[in-house]
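Participant: Kindly return the folded structure for what I paste below:
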Amino acid sequence: MNASLRIIRRCLPAGLAALLLAASAQAQTKLVVGYQLIVGPFLTAIADGSMDAALKDAGYQVDWRQFTSGGDISTALASGKVPVGVLGSTGITAAATRGVDLQLFWVLDNIGKSEALVARNGSGIASTADLKGKRVATPFVSTSHFHLLVGLEQVWKIPPRDVRILNMQPPQIVAAWARGDIDAAYVWPPALTEIAKSGKIIADSEQIGKASVPTFDGLVADRAWAEKNPKFMAAFTGVMAKSYAAYRANPAAWTADSPQVKHIVKLIGGKPEDVAEALGLLVFPTAAEQASGAWLGGGKEAGATRAFNASAQFLKEQKQIDKALGDYSPYVTDQYAKTAAK
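Facilitator: Numbering: from 1, shown residues only. Modelled structure (predicted):
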C-alpha cells in the first residue's frame, strides 16, 4: 500500500477507506480479446493465468471471448467492440481493404499442414483429380478458402466452377460430414482432426503455399487503440514471446498428458491427443523471427505484406472486395515483436 492510501485510511472512517481502496483496486481498463478455434502456445498463456497476471499488473482486465469465425471478429473490430483479435491472413486482408484501421502485430502460426483438403470415405474422391462435380465445404473468405481456390486454379488446373464449393463454418462442416451431406472439406483443427478420422487428406496448405504464398493466423489490434495503450501491447507481446519460446525449446513436451495441452483443451475443447497432433502441424515463429523480413519487418517487402497482396487478388476475384489496396504495409507492424524479442 502506498503512503497516500495509508494516510487516507488513518484519517477517514473505516467504511469510506475501504471503498476508496476497492475503487483503486478496480481501476483497470477492461477490453475484449477475440479468439477462434485454433491451437497454439498463446492459448496456454491464457488458460494458465500468466497472461491475465501480466495484463493485470499493466492495468488491464480482459474478457477472452471465443468467436465462431474470423468474419465475426472482423465485424467486432470494425464496430470498436473488440480492439484485439485473431484473424487469418485473408481475413486481415479483407478487413484492411474494407477500411478497418487495424495492424497485424503478431503471427500466431504458419499454417502449413494444419489446414488441409480431406475427402470423405465413400465419396469417390481418391485424389484432387476427382473433385469435379463434388461438394466441397470450407469457411468462405478464410485461409482455407484461399488455398482451396489457389489449388484448383494454379496447381490442379480445375476450374472452380466445376466444383460445388459450399460455405460452412468448422462446426457445420463436422455435422454435415457426419450426415454425408458433403464429399470433402478444406478446414483446420479441431474440425480437420475430426473429419480426417473417416477420410483421406489429399492436399494441404504446405504444398499449396509453395506454389503461391503461405497462409497464417495472426493477432491484430485497432491501430488507434494500440497507440493509446502501449502498456497493454508490451505486456501482451511479452507473454506471447515467452510462451512461444517455451514451445520452441521443447515441442516434444507438449503431449496429450502435458499441462500445456490440457490448458488448450480447457479453452477450445476437443481431445488432448487431437490437440497435441494439431500442434505438430503448425510452425510457431519466435519473436525475433516475427520481427524479421520473413514476417513483419521490411515494410512493403515483409512476408506478411506480400501475403496480403496475394490474398487481395484472391478476394477481388471472389468479389469479396471491389479492388485491392495499392499498399498493405501500413497494416503490418514489427514494433511490438521487436520489443518482445529484446
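Participant: Please make it C-alpha for all contacts and neighbour counts, starting now.
Facilitator: OK.
Participant: As a check, name the ranges of all strands in this structure.
Facilitator: Secondary structure of the chain, counting by DSSP state E: strands at 29-35, 60-66, 84-88, 102-110, 116-120, 135-138, 164-167, 184-187, 199-204, 216-222.
Participant: chain center to the longest one: distance?
Facilitator: Using Cα atoms, centre = their mean, to the nearest Å, we find the averaged C-alpha position of strand 102-110 to lie 8 Å away from the chain's own average C-alpha position.
Participant: what packs against that strand?
Facilitator: Contacts defined by 3 or more Cα pairs under 8 Å, 6 or more residues apart in numbering; DSSP states H and E place strand 102-110 against strand 216-222, helix 335-341.
Participant: all helices of the stretch 101-250 of the chain, in order?
Facilitator: Listed in chain order, the helices of the stretch 101-250 of the chain (DSSP state H, counting those that start in this stretch) span 143-150, 170-179, 191-196, 205-211, 223-228, 230-249.
Participant: ranking the ones you listed by burial, who's on top?
Facilitator: When you average the neighbours per residue for each of the helices of the stretch 101-250 of the chain (mean count of other Cα atoms under 10 Å), helix 143-150 leads with a mean of 24.
Participant: so what are the domain limits for this protein?
Facilitator: Per automatic domain parsing, the structural domains of the chain span 31-110+215-341, 113-211.
Participant: before we move on, back to that, ok, of the helices of the stretch 101-250 of the chain, where does mean pLDDT dip lowest?
Facilitator: Lowest mean pLDDT within these: helix 205-211, a mean of 86.
Participant: got the CA positions of it in PDB?
Facilitator: What follows is helix 205-211, C-alpha atoms only, in PDB (Å, rounded to 0.1, in the frame of the first residue of the first chain):
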ATOM      1  CA  SER A 205      -1.600 -25.700 -47.300                       C
ATOM      2  CA  GLU A 206       2.100 -26.500 -47.000                       C
ATOM      3  CA  GLN A 207       2.000 -28.000 -50.600                       C
ATOM      4  CA  ILE A 208      -0.200 -25.200 -52.000                       C
ATOM      5  CA  GLY A 209       1.800 -22.500 -50.200                       C
ATOM      6  CA  LYS A 210       4.900 -23.500 -52.100                       C
ATOM      7  CA  ALA A 211       3.100 -22.700 -55.300                       C
END
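Participant: which helices and strands sit right next to that helix?
Facilitator: Using 3+ Cα pairs under 8 Å, 6+ apart, helix 205-211 sits against helix 143-150.
Participant: Can you name the residues in contact with the helix it packs on?
Facilitator: Outside helix 143-150, the residues that touch it by Cα atoms under 8 Å, 6 or more residues apart in numbering are 88-91, 115-117, 138-139, 160, 186-188, 205, 208-209, 212, 215-216, 311, 314.
Participant: Mean neighbour count, the helices and strands packed on strand 102-110: which tops it?
Facilitator: With neighbours defined as mean count of other Cα under 10 Å, these peak in mean count at strand 216-222, which reaches a mean of 22.
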